[in-house]
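K.L.:
My questions concern the predicted model and sequence given below.
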Amino acid sequence: MISYQPMYELNNDEFRAVWVITWEQLDPVWPHPDNRDRICEILDNIKAANMNAVLWQVRQSGTAYYRSSYEPFGKYMFYSDPGYDPFAYAVEQAHARGLEIHAWMNVFECRGAAEIVRNYDIDGLHLDYVRWNEFTTPERTEQLKQLMKEGLTPTDMMHEFVHNKKGRYLYDVEHPYKAGVPEGFDTWEDWWRWSVTWDTWQAYGRVFQDAALWFNNGYVDQLMPMHYHWTTPDGFYDALTRWEPSIQPGINEGRLYTVGPGSYKFSLNGVWGNHPWVIATCRGFTWVDGFQFFSYRWWDDHQYWVEASKTFFMRKTKV
């Protein structure tokens, strides 16, 4: 049996956060039209769990949940200004409770990200879906063929973007490892595909994410993987063990790596009680700096806030 109790005293700077999706924070059926009471309730619950941060979604589907100069308010604000800035209020209230608040954009554009950084006292900017689209349709294929016939999309340009590694977003074929290609592999490409493939879907091969490279080179300060494939201690142990060699340079530089359990999967699979054991297992890796759980709704459905504060999050932490 795994015991997680001895892990309480390891440190007091563990990152602990939960993702708050737009429809969780700004539900139009909430009885208070401006949602400020809802925002306070969410932050109070997060604080009650002895968490110290919140990942707050501020952009979704080309719309904003803050006062943007470029995009309209989103669906859950009825596409109109509610008469106050909901994100400014969330920032103010989070800091009043001693919580970090990170602006979570899904997806993002440079102008929007820049105005968030300029206009809000955020503690982090989280860029979600740094990836190419993995899907296509017959209709899109025909449209592309027509464009190519008209000379608007030259074949050689499409080849460069689709087939050549230079077209992979934030991808660099020259990996910064001095030791050379590991034994047993012909190229870095072969090694990377092996190193990140655990399931039928993986981000590097399907959508051309190279998160380890970004982390090791310092393009990002904190890596927050979505560990949604796994719901057991053994699964998390295996995932972290296999990732560690890939991100060792970034770990050595002191960058942060936090684990992202998919709490919704724990609930849907009937293994909600695995949370303490998964957390204990992850804490066994000295380079793991904390956790972010997806998402708020599932923790609230299980009313897990107080229980967390009395068990695996017994000690308060700061970041």
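P.N.:
Structure's in. What do you need?
K.L.:
residue ranges for the strands of this structure, please.
P.N.:
All strands of the chain, identified by DSSP state E, fall at 15-20, 53-60, 63-64, 100-106, 124-127, 222-223, 256-257, 290-293.
K.L.:
Out of these, which is closest to residue 244?
P.N.:
Of all the strands of the chain, the one in closest proximity to residue 244, counting by CB to CB, is strand 256-257 (9.3 Å). The way it works is simple: take the backbone N, C-alpha and C, and place the C-beta from them, glycine included.
K.L.:
What strands line up against that closest one, and which way round?
P.N.:
Applying DSSP bridges to the sheet, strand 256-257 is found paired with strand 222-223 (parallel).
K.L.:
what's next to the partner strand, contact-wise?
P.N.:
15, 124, 211, 214-215, 247, 250, 255-258, 289 (CB atoms under 8 Å, 6 or more residues apart in numbering).
K.L.:
wait, what's in contact with the residue nearest to the spatial centre of the chain?
P.N.:
The centroid of the chain falls nearest to residue 224 when counting by CA atoms, centre = their mean (4.9 Å). Contact analysis of residue 224 by CB under 8 Å, 6+ apart lists 55, 126, 258, 260, 292.
K.L.:
how close does the fourth one get to residue 117?
P.N.:
Same thing as residue 260. For residue 260, the distance to residue 117 equals 23 Å [CB to CB, to the nearest Å].
K.L.:
and what of the first one?
P.N.:
When CB to CB is the yardstick, residue 55 and residue 117 sit 16 Å from each other.
K.L.:
So the two - more neighbours on which side?
P.N.:
Set side by side, residue 55 and residue 117 give different neighbour counts by other CB atoms under 10 Å, the larger being at residue 55 (24 against 11).
K.L.:
in the sheet, who's paired with that one?
P.N.:
residue 19, residue 102.
K.L.:
That one against residue 126, yeah?
P.N.:
Yes: at 5.8 Å, residue 55 counts as touching residue 126 under the criterion of CB atoms under 8 Å.
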